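>>> This is a predicted model, with the sequence first.
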2 protein chains.
Amino acid sequence: MGDLVVGVDLGGTKILAVLADREGQVLARIKVPTEADLGREHVITKMAEIINGLLEESAAPAHRVAAVGVGIPGWMDPQQGFLFFAPNLGWKDLPLGTILGERLARPVYLDNDANLAALGEYVYGSGRGTADMVYITVSTGVGGGLILNGGVYHGSMGTAGEIGHITVDPNGPVCRCGNAGCLEAVASGTAMAIRALALVDLGRGAGILAAAGGRREQVNARAVSRAAAAGDAEALVILRDAGRYLGITVAGIINLLNPAAVVLGGGAMQSGTLLWDAMLDEVRRRTLESSLAAVRVQRAALGGDSGAMGAVALAIDRLGPSPARC
Amino acid sequence: MGDLVVGVDLGGTKILAVLADREGQVLARIKVPTEADLGREHVITKMAEIINGLLEESAAPAHRVAAVGVGIPGWMDPQQGFLFFAPNLGWKDLPLGTILGERLARPVYLDNDANLAALGEYVYGSGRGTADMVYITVSTGVGGGLILNGGVYHGSMGTAGEIGHITVDPNGPVCRCGNAGCLEAVASGTAMAIRALALVDLGRGAGILAAAGGRREQVNARAVSRAAAAGDAEALVILRDAGRYLGITVAGIINLLNPAAVVLGGGAMQSGTLLWDAMLDEVRRRTLESSLAAVRVQRAALGGDSGAMGAVALAIDRLGPSPARC
């Protein structure tokens, strides 16, 4: 049996894959566009080519790769490797584990991308040393994954961790899911951009518009961050409010689950300290003392690699003890 | 080894104990006031007397009781049987499992009362047949317990399940924990009573006051329920709002945990269908489709016995397979 594994984070826009040994040491890393619009066959062929590319880059023979872990942006049965629905890929009702296993000629283990990002941070990142950890990613949307009692918690149908659709403001703005006041509708990058655009369209938000190069179509969460960094009052309020809502939800999750760590990743978490500090303020205000004392709230350590490293951890875990140790 | 167990629900105001066989069949049941103000020794002596009373009532010899499970209204390490704090009993930092084991001359297993109520409903009540279940009790306060992957989930320090202190309205009324807008501050029996009293003190709430026999000190959640049953508009709004807040929180928990069942118990859940229907409306509105399809939302089947039956289940589980089956 091979001594290496490949971890793949299959996203709607890009594929990140790493080749790693059984201790999680990365030997090679490749990132390419997904080109999901070119169809499933194209994406699967691409995944096979990436694995060959990783082997080439590390000069390792193919037989050393014992298994492949893959994170999918969708809803699935991870035990059966059956994909119910991956909206960003346009894939539906597929025995994806079997399909990929045949094409990649190795055992392929699947899980939801947010669950694997949680697992990556748990095994190799900010969650190390805990048994109960909550992972939250804040970027265009808000997602999450739960590690409970030392393993990924999937829930009864594999849909656990939908942190972005927890109601945080019952009378808040409408979310893309149809509900009102979801965390995603008030704290995601998209939500911040919508709020900034509303200001600009009212003839306000001059600092944000300037940070967007004066172009309305460039008014996004990054522009808000840049404007806030320059001291723009409107941008600061947008970031502070997003952080507050995030903190209110995080506090609720800590009260419910009493985790040892909450790990936050995703692009929006890199927007300086204001959002982070506003979040922490609410966490401190709204978490029961005993649970607050037990938890550390940290940024993700692996950045954009959380998901691929979680896929590595999944493959290693499913393979069982490595031959070298037996 | 004996073939029976005793399950005790040790509350701040009353002790409920049941004698059961290894299949959970109840042979005898006793309920007495706790009299916690008379001190720990008094309460422990009372527990020993109750066990004797149960044996007498069922004409079973003492050696048949193999173990005792006890639910405690407090924070503890259930593995070690060490109690950190039980505010309603006034007990703090005690090796309670050892103390009770010596006094009751049998192995004694402890857990938090809400966790055991969850376990009781999971093993013998509305949660049967699920692996992931959320139990919520709504009475003077709001509490909860989680069954995840088929067992009680305790969290990293044993404080998981504090559902009453999840923020549901960031700008809501102040809770006794010091935070604002906790579920308990807007949906508990106490919260409903406070709201009704505020009306009465403004010279309104005539229907509620009438349902309280015209006595301000009798204006409580039960009076609100009675007034609502008689069609009083102000009482109906109080119940509906409590139900809505409960539903918003339940929806968030379902989105987070994707349980197969949410089971609701406690006195306030018996206040007719209005609170229940308002809750279900919000659950349906705010839960993602896939998770909503996977969950059943039900009333507790065991009523006030959930906790004692959970203590029975705990004792049976810790004892392992019964001698008869070996």
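Nice, I can see it. Just so it is clear, the structure is predicted and the values come from calculations on it, not from any experiment. Numbers count the residues shown, from 1 in each chain, chains lettered A, B, ... in the order given.
>>> Enumerate every residue touching the closest residue to A:V295 other than its chain neighbours.
Spatial nearest neighbour of A:V295, excluding adjacent residues (Cβ to Cβ, 6 or more residues apart in numbering or on different chains): A:I254 at 5.5 Å. Any C-beta I mention is one placed from the backbone N, CA and C, and that applies to glycine too. A:I254 makes contacts with A:134, A:262, A:283, A:287, A:291-292, A:295, as judged by Cβ atoms under 8 Å, 6 or more residues apart in numbering or on different chains.
>>> Show me which residues of the stretch 1-150 of chain A sit near chain B.
Residues of the stretch 1-150 of chain A lying close to chain B (Cβ under 8 Å from any Cβ of the partner chain) are A:75, A:84, A:130-132, A:144, A:146, A:148-149.
>>> Any chance of JSON lines for these, columns neighbour count?
Shown next, in JSON lines, are the residues of the stretch 1-150 of chain A next to chain B (neighbours: other Cβ atoms under 10 Å in any protein chain shown):
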{"residue": "A:W75", "neighbour count": "19"}
{"residue": "A:F84", "neighbour count": "17"}
{"residue": "A:T130", "neighbour count": "21"}
{"residue": "A:A131", "neighbour count": "16"}
{"residue": "A:D132", "neighbour count": "25"}
{"residue": "A:G144", "neighbour count": "28"}
{"residue": "A:L146", "neighbour count": "27"}
{"residue": "A:L148", "neighbour count": "23"}
{"residue": "A:N149", "neighbour count": "13"}
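>>> possible to save those as TSV with secondary structure and distance to A:I50?
Below are the residues of the stretch 1-150 of chain A next to chain B laid out as TSV (DSSP: H, G, I helix; E, B strand; the rest coil; distance: Cβ to Cβ, whole Å):
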residue	secondary structure	distance to A:I50
A:W75	strand	24
A:F84	strand	25
A:T130	coil	32
A:A131	coil	33
A:D132	coil	34
A:G144	strand	27
A:L146	strand	29
A:L148	strand	32
A:N149	coil	34
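>>> would TSV of the residues you listed with pLDDT be doable?
As requested, the residues of the stretch 1-150 of chain A next to chain B are exported to TSV (pLDDT from 0 to 100):
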residue	pLDDT
A:W75	92
A:F84	94
A:T130	96
A:A131	95
A:D132	98
A:G144	97
A:L146	98
A:L148	98
A:N149	96
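>>> can you redo those residues as a markdown table with distance to A:A62?
Listed next are those as a markdown table, based on distance: Cβ to Cβ, whole Å:
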| residue | distance to A:A62 |
| --- | --- |
| A:W75 | 32 |
| A:F84 | 31 |
| A:T130 | 36 |
| A:A131 | 36 |
| A:D132 | 38 |
| A:G144 | 36 |
| A:L146 | 35 |
| A:L148 | 36 |
| A:N149 | 36 |
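>>> just to revisit the earlier point, can you tell me which of the contacts of A:I254 comes closest to chain B?
A:S291 (4.9 Å; Cβ to the nearest Cβ).
>>> ok, A:L83 - contacts?
By Cβ under 8 Å, 6+ apart, the contact list for A:L83 reads A:72, A:74-76, A:91-96, A:110.
>>> partner residues bridging it?
A:M76, A:L94 (DSSP bridges).
>>> contacting residues for A:G151?
A:G151 makes no contacts at all, as judged by Cβ under 8 Å, 6+ apart.
>>> Look up the closest residue to A:L89, ignoring the ones flanking it.
Distances taken as Cβ to Cβ, 6+ apart put A:A36 closest to A:L89, at 4.9 Å, once the chain neighbours are dropped.
>>> State the pLDDT value of the one you found.
With respect to pLDDT, A:A36 scores 93.
>>> tell me the contacts of it?
Counted by Cβ under 8 Å, 6+ apart, A:A36 has contacts A:12-13, A:43, A:88-90.
>>> picking up where we left off before, among the residues of the stretch 1-150 of chain A next to chain B, which one sits closest to A:A278?
Distance to A:A278 across those (Cβ to Cβ) is lowest for A:G144, with 19.0 Å.
>>> returning to that earlier point: between the contacts of A:A36, identify the one with the most neighbours.
Counting neighbours by other Cβ atoms under 10 Å in any protein chain shown, A:L89 leads those with 21 neighbours.
>>> Let's verify it: helix, strand, or coil?
Secondary structure for A:L89, judged by DSSP: H, G, I helix; E, B strand; the rest coil, is coil.
>>> likewise A:L16?
Following three-state DSSP, A:L16 is assigned to strand.
>>> ok, it touching A:M309?
No. Look at A:L16 against A:M309 with Cβ atoms under 8 Å: they stay out of range, at 9.8 Å.
>>> Neighbour count: those two, which is higher?
Comparing A:L16 with A:M309 by other Cβ under 10 Å, the one with more neighbours is A:M309, at 29 against 22.
>>> now for whatever helix or strand that one lives in, which elements pack on it?
Applying DSSP states H and E as the criterion places A:M309 in helix A:306-319. For helix A:306-319, the elements it packs on are strand A:4-10, strand A:14-21, strand A:65-72, strand A:108-112, helix A:113-124, judged by 3 or more Cβ pairs under 8 Å, 6 or more residues apart in numbering or on different chains; DSSP states H and E.
>>> on contacts alone, who are the packing partners of the last one?
Secondary structure elements in contact with helix A:113-124, counted by 3+ Cβ pairs under 8 Å, 6+ apart, are strand A:4-10, strand A:65-72, strand A:133-138, strand A:142-148, strand A:151-152, strand A:261-265, helix A:306-319.
>>> do the same with the shortest one
Under the contact criterion of 3+ Cβ pairs under 8 Å, 6+ apart, strand A:108-112 touches strand A:65-72, strand A:75-77, helix A:96-104, helix A:306-319.
>>> try 6 Å
Here strand A:108-112 touches strand A:65-72, helix A:96-104, helix A:306-319, going by 3 or more Cβ pairs under 6 Å, 6 or more residues apart in numbering or on different chains; DSSP states H and E.
>>> Out of these, which is closest to B:A28?
The closest of those to B:A28 is helix A:306-319. By Cβ to Cβ, the value is 47.8 Å.
>>> Can you tell me what sits against that closest one?
With Cβ atoms under 6 Å, 6 or more residues apart in numbering or on different chains as the test, helix A:306-319 has contacts from A:5, A:7-9, A:16, A:18, A:20, A:22, A:24, A:66-67, A:69-71, A:109, A:111, A:113, A:116-117, A:119-121, A:123-124, A:265, A:300, A:302.
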